[in-house]
Structure formats: structure tokens, C-alpha cells
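Asks: Here is my input; please provide its structure:
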Amino acid sequence: MPFVKKKIFVTGVAGFLGSHLAEKLVKLGHEVVGIDNMLGGYEDNVPKNIQFYKGDCCDFEKIQSIIKGVDVVYHCAATAHEGLSVFSPFEITKNNYLASVSIFSAAVNEKVKRIIFCSSMARYGEQKTPFTEDMKPTPVDPYAISKVASEEVLKNLCELNRIEWVIAIPHNIIGPRQKYDDPFRNVVSIIINRMLQGKAPIIYGDGEQTRCFSYIDDCLSCLIPMLDQKNLNRETINIGPDEEFVTINKIAEICSNITGVNLNPIYKKDRPKEVKHATCSADKARALLKYETKVTLNEGIKKTYDYIKNRGVRPFDYNINIEIDNELTPSTWKNKEI
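Replies: Residues are numbered from 1 along each chain as shown. Below is the predicted model of the structure:
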């Protein structure tokens, strides 16, 4: 199939996922336009040779002007703070749901060919694991609700206006460029940033929560074909390994082995609404995208460690205000203990 150059709009382009995706698309020969409000990213993440706009996805008029002539949209931007959404529901919902509606509306109006939306494993809630795409979403917190609502708006608008859509469900991506000074999310990066400062990892609950982690390159191997692979229209697809399900305790142990910092974890009370077991099936990704895990968990954590160590440790940036401050709010957040 001959190469066809496309103009692609990537949201969250200074963030972890968006920056890697945009860089890959440029290397493939596409024209990339990107936007980021810098809440969850770093300016030096922004790839060269793209048209970059600093702004908010909720700014509908700005999005309309940027999206002119775009063929495909990758909506990666999110305030992906699932635990925090219980205590800052307004900010999290605004930056996820309203931002998504703004992006989808502008894209539909521009008559783009396809919209790829990066949703979240949070959509599944408390269900039997591993999660499969045919499960009905059962969100348990405002972040997850905002993601599921965004999915529904996307399908509604696209089906009415005959625009192709794909929903990607990445699972706990790790690797270089991840924001590691965010105290509210990215457990691997938080633990490494603390350990490199000689601080013990903080774990909520008993640490026996199970998760699956995907290295950024393995995630991209699925996202890139979503650009134009014909049989993916109207599909929802998990992206993440199902060979290595791991507890948070085990993550802390691996980080300790890699950093050489041997400190006993500090255990805090459970965070409200945290899903105990969240792992996915990759069967559909294997069938449709020939997905395979090429970077092991240990290798991915080591690459993340190398990035943080080389870039330098940072103090944690509490850049989102707590909206509901009560006895349920984790002390680590309201007292800035991380």
C-alpha cells in the first residue's frame, strides 16, 4: 500500500504519550499539529518539526482554528488523575469530558476522516479480570465517568456524521518523558523519583493491588496502525500486556533493585474508590494489530529510571487544587507529604 501523507492533530503533545506519538508520526513522513496546556507535560517533550500551540483543549474557538485541513485526530490529552478525581472532580471532569467534547465537535465540523481517542482502563471499574473489550463499562470514580462519557459522545457524533472512530485503551504506560514530579499519578515514576532522593516508596493500602504496565514503544505499535487501518473503524481495543500482572509491592521491589535504594515502603490507608485489580486481555490487539510485548516490565522500569536519573530528580509539583478536603482525603496530598 503506497504511503499517503496526512495532516494529523495530536492533543497532549507535550505529554508522555502524545509527544512520543507525534515524534513517530513525523518520522513516518506525516505533518503533525499539536496542542498542550502544559499541565501534565514538559516543554522539552514537544517534538521538533511539528506545529505546536500552547493552549487548552476546552478553548473551542482555538481548536477550530488549529484543526483546519486536518485529516486525522489523535486525542491523547487528559488530566489522568483517577484517584485525585474523587477529591477534585470539577477540574478533572472539565479537563477530560469538556475538553473531549470540544475536540470531537471541532473535528466533526472539519469533516476529518478518523478520530482516535485514548480512553482509560478505568472504564472497566470493579469487574472480573482480565478486562475484555466486550465488558460493559462500570466506572467507579469521576475520572472514569468522564472517560466513558467522552467515549459515548465520540460514538454519537461520529456515527451521525459518518466519521470513523477508534477507541484505544492504553494500560499504565511507562517510559522516558513521563511526568515524574506529579504526586497524584504515575506510580513507577513517583517511586523512582522518591528513591533517587533517598526516600522510601509510599504505597496505599496493602500494596496487593494488581496492574499491568506497558512500555511506550509497545503502546505505539498499536496506536500507529489506528491511523488508517480499515478494519479498526468502530473498534475499542485494549493496549497492554497480559503476560505480566504485578502487584504494587512488586513494583516497589523492582524499583528498589534497579535504583539500589533499599528502603521499606511507607504504607498509607486505602485511597477511596481505588480499583483493587485492574488488568487487561490483549487478545483483540493481537488479532487486529499483531500486538506483542517486546519490552519486559523490568526493562521498561529500567528505561524509566535511566530517564529520571539523567534528567535529574525534582520536587513534586502539587499543581491541581484539592476541591473536597475532608477526612477521606489522603494526607499525602493535602499535607504534601510525597
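Asks: ranges for the helices of the protein?
Replies: Secondary structure of the chain (DSSP state H): helices at 16-27, 60-66, 89-93, 99-109, 142-161, 187-195, 216-223, 248-259, 283-289, 297-311, 331-334.
Asks: As TSV, those helices with mean pLDDT and distance to Met121 would be great.
Replies: Using the backbone N, CA and C atoms, a C-beta is placed for each residue, glycine as well. Output for these, formatted as TSV (pLDDT from 0 to 100; distance: least, C-beta to C-beta, whole Å):
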stretch	mean pLDDT	distance to Met121
helix 16-27	98	14
helix 60-66	98	26
helix 89-93	98	16
helix 99-109	98	17
helix 142-161	98	9
helix 187-195	98	14
helix 216-223	98	12
helix 248-259	98	15
helix 283-289	98	13
helix 297-311	98	16
helix 331-334	96	22
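Asks: got TSV for those helices, with distance to Ala78 and mean neighbour count too?
Replies: Converted to TSV, the helices of the chain look like this (distance: least, C-beta to C-beta, whole Å; neighbours: other C-beta atoms under 10 Å):
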stretch	distance to Ala78	mean neighbour count
helix 16-27	9	23
helix 60-66	15	16
helix 89-93	9	18
helix 99-109	8	22
helix 142-161	8	19
helix 187-195	16	24
helix 216-223	14	22
helix 248-259	22	19
helix 283-289	20	17
helix 297-311	19	17
helix 331-334	19	16
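Asks: Out of those helices, which is closest to Ala168?
Replies: Closest to Ala168 of the helices of the chain, according to C-beta to C-beta: helix 216-223, at 6.1 Å.
Asks: returning to that earlier point: same list, the helices of the chain, but as a markdown table with distance to Gly240 please.
Replies: Shown next, in a markdown table, are the helices of the chain (distance: least, C-beta to C-beta, whole Å):
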| stretch | distance to Gly240 |
| --- | --- |
| helix 16-27 | 13 |
| helix 60-66 | 29 |
| helix 89-93 | 22 |
| helix 99-109 | 21 |
| helix 142-161 | 16 |
| helix 187-195 | 14 |
| helix 216-223 | 8 |
| helix 248-259 | 15 |
| helix 283-289 | 8 |
| helix 297-311 | 11 |
| helix 331-334 | 26 |
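Asks: Ser214: what's it in contact with?
Replies: 170-174, 239-241, 293, 300 (C-beta atoms under 8 Å, 6 or more residues apart in numbering).
Asks: How about it: what's its closest non-neighbour residue?
Replies: In this structure, Ser214 finds its nearest non-sequential neighbour in Gly240, 4.3 Å apart by C-beta to C-beta, 6 or more residues apart in numbering.
Asks: Check whether that neighbour really touches Asp283, as I assumed.
Replies: No. Look at Gly240 against Asp283 with C-beta atoms under 8 Å: they stay out of range, at 11.7 Å.
Asks: By neighbours, which of the contacts of Ser214 wins?
Replies: Gly240 (28 neighbours; other C-beta atoms under 10 Å).
Asks: and the gap between that residue and Glu337?
Replies: Between Gly240 and Glu337 the computed distance is 30 Å (C-beta to C-beta, to the nearest Å).
Asks: how close does the closest residue to Pro176 other than its chain neighbours get to Asp270?
Replies: Leaving aside its sequence neighbours, Pro176 sits nearest to Tyr307 (C-beta to C-beta, 6+ apart; 3.7 Å). Note on Tyr307: its distance to Asp270, by C-beta to C-beta, is 30 Å.
Asks: just Val13 next, same as before
Replies: In terms of C-beta to C-beta, Val13 sits 35 Å off from Asp270.
Asks: Who has more neighbours out of these two?
Replies: Using other C-beta under 10 Å as the criterion, Val13 and Asp270 rank with Val13 on top: 30 against 13.
Asks: pretty sure Leu196 contacts Arg311?
Replies: No. In this structure, Leu196 is not within contact of Arg311 by C-beta under 8 Å, at 10.4 Å.
Asks: care to break this protein down by domain?
Replies: 7-174+214-239, 187-211+243-279+294-334 (automatic domain parsing).
Asks: can you redo these as CSV with distance to Tyr180?
Replies: Shown next, in CSV, are the domains of the chain (distance: least, C-beta to C-beta, whole Å):
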stretch, distance to Tyr180
domain 7-174+214-239, 10
domain 187-211+243-279+294-334, 4
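Asks: and Asp181, which of those is closest to it?
Replies: domain 187-211+243-279+294-334 (3.9 Å).
Asks: So what's the residue count around the closest residue to Ser331 other than its chain neighbours?
Replies: Among residues not flanking Ser331 along the chain, Glu337 sits closest, at 6.1 Å (C-beta to C-beta, 6+ apart). Other residues near Glu337 number 13, with proximity taken as other C-beta under 10 Å.
Asks: Arg314 too?
Replies: With other C-beta under 10 Å as criterion, Arg314 counts 14.
Asks: before we move on, what about Ala278?
Replies: Neighbours of Ala278 (other C-beta under 10 Å): 23.
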